[in-house]
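Undergrad: What follows is a predicted protein model with its sequence.
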Amino acid sequence: MADQNANSISVQKWAEIFAAALEKQDAASASALFAEAGAWRDVLAFTWTIKTFEGRNDINDLLVAKLADTEPRNWTVEAEPDAYEGWLHFQTRFGSCKGYVRLQNGQALTLFTALQDLHGHEAPIGKRRASGLYDDDDTRNWLDRRQEEQASLGQDQQPYVLVVGGGQGGLALAARLKVNGIPTLIVDRHDRSGDQWRSRYKSLTLHDPVWYDHMPYIPFPENWPIYTPKDKLGDFLEAYAKIMDLNIWNGTEFTAASYDDAQKNWNVTVERDGEPMNLRPTHIVMAVGNAGFPRKPDFQGASDFVGEQYHSSEYTSGEEFFGKRVVVIGANNSAHDICADLVSHGVKPTMIQRSSTLVLRGSTNSKMARPLYSEEAVEQGLTTERADFLNASMPMRMSEQLQKQIWAQVAESDADFYASLTKAGFKLDFGEDGTGLFMKYLRTASGYYIDVGAAAMVADGRIALKSGVGVDRLTETSLIMGDGSEIPADVIIYATGFGSMEQWVERLISPEVADKIGPCWGYGSGTAGDPGPWEGEIRNMWKPTAQAGLWFHGGNLQQSRFYSRYLALQLKARFENLNITG
Ligand SMILES: Cc1cc2nc3c(=O)[nH]c(=O)nc-3n(C[C@H](O)[C@H](O)[C@H](O)COP(=O)(O)OP(=O)(O)OC[C@H]3O[C@@H](n4cnc5c(N)ncnc54)[C@H](O)[C@@H]3O)c2cc1C
């Protein structure tokens, strides 16, 4: 970008001109400061939603619609004097905001803006933290007050927000809401926080490195392993819930809800320790995860099969399968992890790969994430918060282009690794348009394996592979494949993925509400599993939906950390009855 910017204006100068145009409410002059193909991604600062505006015309429309209401002002720049990209700080009528701009030839190629805090309702953290002393005459100490809060929420006091699901997503969001003073209750069907991770297969560790995974407010300690073992994460989450004073009803299933248009709140039924109870929250956040709804094919002859059949979510360890012929259907993360676990227990599993898989070596994954999430980044003073902001600052269409270039390099640098898999008959892809893992994740959250050891086992035959063909039917003792071949089996494990969040809505709220909302996830890339139209943002996640009072939260640990902040701000604005125009 440096060459393209030769003799061009710096961020400092650009921001000065941009701020002056905004001050004058001059949308035309402000949008002319963007490149023809420039994009502006906004998280709440101007739009009260999460939206990307592409091209000068859309940017102009945004400004015409929102400038008067937003009143942006007090712009300052944090960048080297002659830099062509840098940080922006500004205020709006609603709160303080931050931005990041990249210039090309004196025009903005990308601008990212996000609300950080609401005026008069700033989060009590850092310099604004509570003293811990009570200045009333009340003799109740912290413990008394905490116990009273726990006893009353959901009983004499209704929660303003009900978070359904206390996995890492629900906990992160509830922590943000707690800090923001919003009465929040989490319900989770598990008996203990962290059980969702504990219940997964024994050999599981996080596939993302520690620098990517921190929870809000309480980062992992400095000696934390790079790849967190699942039970350790479960224990951390349980401790997190306690330290952050979260209100959780464990052993509680959310079973039904309907929206009361007149009262503007929800009529919710939960079963707490088996007893039905009614709750009346103003908002529901579905944080039920995208891995809770096991998806299993219904093969002809499945009921005739005399062996054992499990979904991957029911698999715990290969220990019990020693001496058995195990077939694993699927070739993504879970299938690989399970096959590797079986191998380590002396089993030679067969993996069935119907269609191609994107594989990325764990070490390459860490290298790719290195500029933002690594020990080196930490040593250079890049905080997790700043890394997240930079990560979010690239609009989706440009991310696709960037990822294409990155994946061409990965294919080249790891050519021997990929050749060894191809030689074993494994079908590989880098996404149907070559945009790789990150975009696949945002499109369908499936179709990939981050290699933590199983790829070598496929390559050297410790994991047998049947590729390019699906299962036709089952017999009493085998699988008959689409090409007529037969694979004898004692055990079949379906690593065939999970249903979507909207299926939860259909089941727990109503098919009408699910229809009204549409898909949750994908950004309309027009690729398999993520049909258009182009949205350029993940559908329905962390922002207002077509159903009043219904929100969705989730994603991986990084997304959950980042977006929980903005979902909490949206709920806070509503809790404080701010006059927002979303
Ligand atoms: C094998 C495997 C490996 C993974 N590895 C990684 C990884 O390395 N890094 C990463 O970031 N992500 C990973 N993921 C994705 C992972 O699912 C998510 O990151 C994470 O679990 C999502 O958190 P969540 O809170 O949104 O959902 P979950 O952790 O799935 O939590 C949802 C919670 O909702 C509760 N719930 C659901 N329905 C109800 C109901 N009706 N009533 C009450 N409670 C309900 C469940 O009990 C559960 O506790 C992995 C997933 C799997 C399956």
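TA: Arrived safely, thanks for sending.

Undergrad: Asp245 contacts Lys178, correct?
TA: Yes. Asp245 is within contact range of Lys178, at 6.1 Å (criterion: CB atoms under 8 Å). The C-beta positions use only the backbone N, C-alpha and C, and glycine is treated the same way.

Undergrad: wouldn't His190 be in contact with Gly251 here?
TA: Yes. His190 lies in contact with Gly251 (CB under 8 Å); the separation is 7.5 Å.

Undergrad: Let me know the pLDDT of Ala369.
TA: With respect to pLDDT, Ala369 has a value of 60.

Undergrad: got it, and the one 4 residues further on?
TA: The score at Tyr373 is 92. That number is its pLDDT.

Undergrad: Spatially, what comes nearest to it if we skip its sequence neighbours?
TA: The spatially closest residue to Tyr373, leaving aside those adjacent along the chain, is Trp211, at 4.0 Å (CB to CB, 6 or more residues apart in numbering).

Undergrad: what residues are up against the one you found?
TA: 369, 373-375, 377-378, 384, 387 (CB atoms under 8 Å, 6 or more residues apart in numbering).

Undergrad: on that earlier part again, compare His190 and Gly251 and say which is more crowded by neighbours.
TA: His190 (20 against 15; other CB atoms under 10 Å).

Undergrad: tell me which element Val347 is part of?
TA: Val347 belongs to no helix or strand when assigned by DSSP states H and E.

Undergrad: got the phi/psi numbers for the residue of the chain most remote from its centre?
TA: The outermost residue of the chain relative to its centre, with distances by CA atoms, centre = their mean, is Asp137 at 44.6 Å. Backbone torsions of Asp137, given as degrees, to the nearest 10, read phi -80, psi 0.

Undergrad: any idea how far it is from the ligand?
TA: The spacing between Asp137 and the ligand, counted by CB to the nearest ligand atom, to the nearest Å, is 40 Å.

Undergrad: cool, Ala108 as well?
TA: In this view, Ala108 and the ligand are 32 Å apart by CB to the nearest ligand atom.

Undergrad: That residue reaches Val101, doesn't it?
TA: Yes. With contact defined as CB under 8 Å, Ala108 reaches Val101; the gap is 5.4 Å.

Undergrad: can you list residues touching both of the two?
TA: Jointly contacting Ala108 and Val101 under the rule CB under 8 Å, 6+ apart are Trp14.

Undergrad: Those two - which one has more neighbours?
TA: Neighbour count, other CB under 10 Å: between Ala108 and Val101, Val101 has more, with 26 against 23.

Undergrad: So that one: helix, strand or coil?
TA: strand (DSSP: H, G, I helix; E, B strand; the rest coil).

Undergrad: Grab the nearest non-local neighbour of it.
TA: Distance criterion CB to CB, 6+ apart; nearest residue to Val101, sequence neighbours excluded, is Leu111 at 4.9 Å.

Undergrad: quick one: the residue farthest from the centre of the chain and Glu308, what's the gap?
TA: From Asp137 across to Glu308, the span is 65 Å (CB to CB, to the nearest Å).

Undergrad: Leu67 and the ligand: what is the separation?
TA: From Leu67 across to the ligand, the span is 36 Å (CB to the nearest ligand atom).

Undergrad: can I get the contacts of Trp211 in JSON lines with neighbour count, secondary structure and distance to the ligand?
TA: As requested, the contacts of Trp211 are exported to JSON lines (neighbours: other CB atoms under 10 Å; DSSP: H, G, I helix; E, B strand; the rest coil; distance: CB to the nearest ligand atom, whole Å):
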{"residue": "Ala369", "neighbour count": "19", "secondary structure": "helix", "distance to the ligand": "12"}
{"residue": "Tyr373", "neighbour count": "24", "secondary structure": "coil", "distance to the ligand": "12"}
{"residue": "Ser374", "neighbour count": "20", "secondary structure": "coil", "distance to the ligand": "16"}
{"residue": "Glu375", "neighbour count": "13", "secondary structure": "helix", "distance to the ligand": "19"}
{"residue": "Ala377", "neighbour count": "18", "secondary structure": "helix", "distance to the ligand": "18"}
{"residue": "Val378", "neighbour count": "14", "secondary structure": "helix", "distance to the ligand": "19"}
{"residue": "Thr384", "neighbour count": "20", "secondary structure": "helix", "distance to the ligand": "14"}
{"residue": "Ala387", "neighbour count": "22", "secondary structure": "helix", "distance to the ligand": "15"}
